[in-house]
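**Q** Need a 3D model of the sequence below.
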Amino acid sequence: MSQEEFGRDIGLSKMTIQGYERGERRYTFETLMRIARKNGFFITIEKKAKK
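**A** Next comes the predicted model:
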């Protein structure tokens, strides 16, 4: 899958995908969630219990 196709599938441009791959851009949590879902993963956040 090309960067352009992947970006289109998750609502981002090819240039944005390239920036992530080169480490020039930072992910938002929403973007990270879209990338994870596209690749078959789910991210959960749990509050750590106080001791």
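**Q** Residue 22 - how many residues pack around it?
**A** Residue 22: 8 surrounding residues under other C-beta atoms under 10 Å. C-beta: built from backbone N, CA, C; applies to glycine.
**Q** Would you mind measuring from it to residue 40?
**A** Distance, residue 22 to residue 40, using C-beta to C-beta, to the nearest Å: 24 Å.
**Q** Centre-most residue in this protein?
**A** Centroid-nearest residue in the chain: residue 32, 2.8 Å away (criterion: C-alpha atoms, centre = their mean).
**Q** Mind pulling the model confidence for residue 7?
**A** At residue 7, the predicted lDDT confidence score is 93.
**Q** and residue 17, how many neighbours does it have?
**A** 20.
**Q** Can you read off the pLDDT for the residue nearest to the centre of the chain?
**A** pLDDT for residue 32: 92.
**Q** Which element, helix or strand, includes it?
**A** helix 29-38 (DSSP states H and E).
**Q** So which bits of that helix are buried?
**A** Buried positions in helix 29-38, judged by neighbour count with 16 or more other C-beta atoms under 10 Å: 31, 34-35.
**Q** Just the closest of the residues you listed to residue 13, please.
**A** Proximity of the buried residues of helix 29-38 to residue 13 (C-beta to C-beta) peaks at residue 31, which lies at 11.9 Å.
**Q** The nearest residue to that closest one once chain neighbours are set aside - how many residues pack around it?
**A** Once flanking residues are discounted, residue 31 sits nearest to residue 12: 7.0 Å by C-beta to C-beta, 6 or more residues apart in numbering. Neighbour count of residue 12, defined by other C-beta under 10 Å: 18.
**Q** Residue 12 against residue 32, yeah?
**A** No. Look at residue 12 against residue 32 with C-beta atoms under 8 Å: they stay out of range, at 11.7 Å.
**Q** how about stretch 1-18 as CSV, C-alpha atoms only?
**A** Output of stretch 1-18 as CSV, limited to C-alpha atoms (Å, rounded to 0.1, in the frame of the first residue of the first chain):
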residue,chain,number,x,y,z
MET,A,1,0.0,0.0,0.0
SER,A,2,1.4,3.4,-0.9
GLN,A,3,1.6,6.4,1.4
GLU,A,4,-1.0,8.1,-0.6
GLU,A,5,-3.5,5.2,-0.3
PHE,A,6,-2.8,4.8,3.4
GLY,A,7,-3.3,8.5,4.0
ARG,A,8,-6.5,8.5,2.0
ASP,A,9,-7.8,5.6,4.0
ILE,A,10,-7.2,7.4,7.3
GLY,A,11,-8.0,10.9,6.1
LEU,A,12,-4.4,12.3,5.9
SER,A,13,-2.3,13.6,3.0
LYS,A,14,0.7,11.7,1.6
MET,A,15,2.9,14.6,2.8
THR,A,16,1.6,14.2,6.4
ILE,A,17,2.3,10.5,6.3
GLN,A,18,5.8,11.2,5.0
